[in-house]
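1. Build me a model:
(chains A and B)
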Amino acid sequence: GQQLNQSPQSMFIQEGEDVSMNCTSSSIFNTWLWYKQDPGEGPVLLIALYKAGELTSNGRLTAQFGITRKDSFLNISASIPSDVGIYFCAGPSNYQLIWGAGTKLIIKP
Amino acid sequence: ETGVTQTPRHLVMGMTNKKSLKCEQHLGHNAMYWYKQSAKKPLELMFVYNFKEQTENNSVPSRFSPECPNSSHLFLHLHTLQPEDSALYLCASSPAGLAGYTGELFFGEGSRLTVL
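-> Coordinates of the predicted model:
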């Protein structure tokens, strides 16, 4: 079946650093979604991308829909403590969402 | 009231127990979902209900039994579970049912289940 591969699996960063993570697939998606899950909470949608090549920002977050439609990137600029959590990419397929395994962001004290 | 509410937040049960998880959404959405979340794995879709009708059952064992009495409420009845069923169970809803599905889901906080 379809799979989304997220990397890295986890990241340890200093506050203030920029963060980059990506999501790749062997098949094409027409929509890419990025969700964030805070500790003890359910995932929340951050950014939705609907067009190949699209670059969309939400505050300090920027996401791009890869031109091949097989990948997407999420960047976070100037990370702050509340950025910790798990970031998931997801893509709709046959009225279901295919999910990546997540990138866990940890900020070093 | 928050958008999607799940109870209980934590549940510990023995393998012979019968318990239920409850989900309620206050968003006026038409579709509701149960997901299983295990550490370092993608979210696993279990069941989908669209306008109270079950439209998806992803080969879930019969020891998990969903119930959707109306568009706002969803239950997951648990019976004779196994230790490997221990996980976070997430309920979600979406504005659109199967038609016009955009992938935008609104999740509850989850019910952390431990099976002893």
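2. where along chain B do the strands fall?
-> Secondary structure of chain B (DSSP state E): strands located at B:4-7, B:10-13, B:18-25, B:31-37, B:44-50, B:53-57, B:64-70, B:73-79, B:87-94, B:106-107, B:111-115.
3. ok, which residues in chain A are in contact with chain B?
-> A:4, A:9, A:31, A:33, A:40-45, A:48, A:88, A:90-92, A:95-102 (C-beta under 8 Å from any C-beta of the partner chain). For the C-beta atoms, the positions are set from N, CA and C on the backbone; glycine is no exception.
4. are any of the residues you listed buried, and which?
-> With burial judged by 16 or more other C-beta atoms under 10 Å in any protein chain shown, the buried subset of those is A:4, A:31, A:33, A:42-43, A:45, A:48, A:88, A:90-92, A:95-102.
5. Alongside chain A, which residues does chain B contribute?
-> Taking C-beta under 8 Å from any C-beta as the criterion, chain B approaches chain A at residues B:4, B:40-43, B:45, B:48, B:56, B:90, B:92, B:98, B:101-105, B:107-110.
6. Just the buried residues of those.
-> The neighbour-count criterion (16+ other C-beta under 10 Å) marks B:4, B:42-43, B:45, B:48, B:56, B:90, B:92, B:98, B:101, B:103-105, B:107-110 among the residues of chain B next to chain A as buried.
7. Name the nearest residue to the residue in chain A positioned nearest to chain B, ignoring sequence neighbours.
-> Using C-beta to the nearest C-beta, A:G42 is the residue of chain A that sits closest to chain B, at 2.9 Å. Take A:G42 and drop its neighbours on the chain: the residue closest to it by C-beta to C-beta, 6 or more residues apart in numbering or on different chains is B:F107, 2.9 Å away.
8. pull the longest strand from chain A.
-> Max-length strand for chain A by DSSP E is strand A:85-93.
9. Alpha carbons of it, as PDB, please.
-> Taking C-alpha atoms only, strand A:85-93 is exported to PDB below (Å, rounded to 0.1, in the frame of the first residue of the first chain):
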ATOM      1  CA  GLY A  85       5.900  17.800  19.600                       C
ATOM      2  CA  ILE A  86       5.500  15.400  16.800                       C
ATOM      3  CA  TYR A  87       5.000  16.600  13.200                       C
ATOM      4  CA  PHE A  88       3.100  14.400  10.800                       C
ATOM      5  CA  CYS A  89       2.800  14.600   7.100                       C
ATOM      6  CA  ALA A  90      -0.400  13.100   5.600                       C
ATOM      7  CA  GLY A  91      -2.000  12.800   2.200                       C
ATOM      8  CA  PRO A  92      -5.600  11.900   1.200                       C
ATOM      9  CA  SER A  93      -6.000   8.700  -0.900                       C
END
